[in-house]
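Enquirer: Any chance you can model this:
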Amino acid sequence: MIDLNGKERCEEIAQYVIETGATVRAAAQKFEISKSTVHKDLSYRLRFYNKALYYEVKEILMHNKAERHLRGGEATRRKYLEKSK
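Expert: Have a look, this model is predicted:
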């Protein structure tokens with residue numbers, strides 16, 4: 001687990017999300033913190049620490065949110081394909 005102060009953690013998570021397009025869940029797994037902490041860091045705290053980074057991350061989070069129903073549907077399809085084999 002990475003031990004960083006709040007500002008450093010927010011900015012490091014934000015850079016990771018920007019570089020990889022990762023979801024909140026993926027970022028939480030990578031940094032070994034909860035999804036709610038990642039979400040709070042990116043959607044609230046980052047705004048006060050680094051506005052430019054906040055707006056970049058916000059676009060990615062909105063994109064991921066718009067696509068989440070597709071990812072969920074694909075996961076369900078794979079699940080039932082595996083069960084049928």
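
Enquirer: Against Tyr80, how distant is the spatially most central residue of the chain?
Expert: Nearest residue to the geometric centre of the chain (C-alpha atoms, centre = their mean): Val24, 2.1 Å. Noted for Val24: a distance of 26 Å to Tyr80, by C-beta to C-beta, to the nearest Å. C-beta here means a position set from N, CA and C on the backbone, and glycine is covered the same way.

Enquirer: quick revisit: test my guess that the residue nearest to the centre of the chain contacts Lys35.
Expert: Yes. At 5.3 Å, Val24 counts as touching Lys35 under the criterion of C-beta atoms under 8 Å.

Enquirer: Which elements pack onto the top helix by length along the chain?
Expert: Criterion DSSP state H: the longest helix present in the chain is helix 51-84. If contacts are counted by 3 or more C-beta pairs under 8 Å, 6 or more residues apart in numbering; DSSP states H and E, helix 51-84 sits against helix 6-20, helix 46-49.

Enquirer: wait, which of those is closest to Gly73?
Expert: Gly73 sits nearest to helix 6-20 of all these, at 22.1 Å, using C-beta to C-beta.
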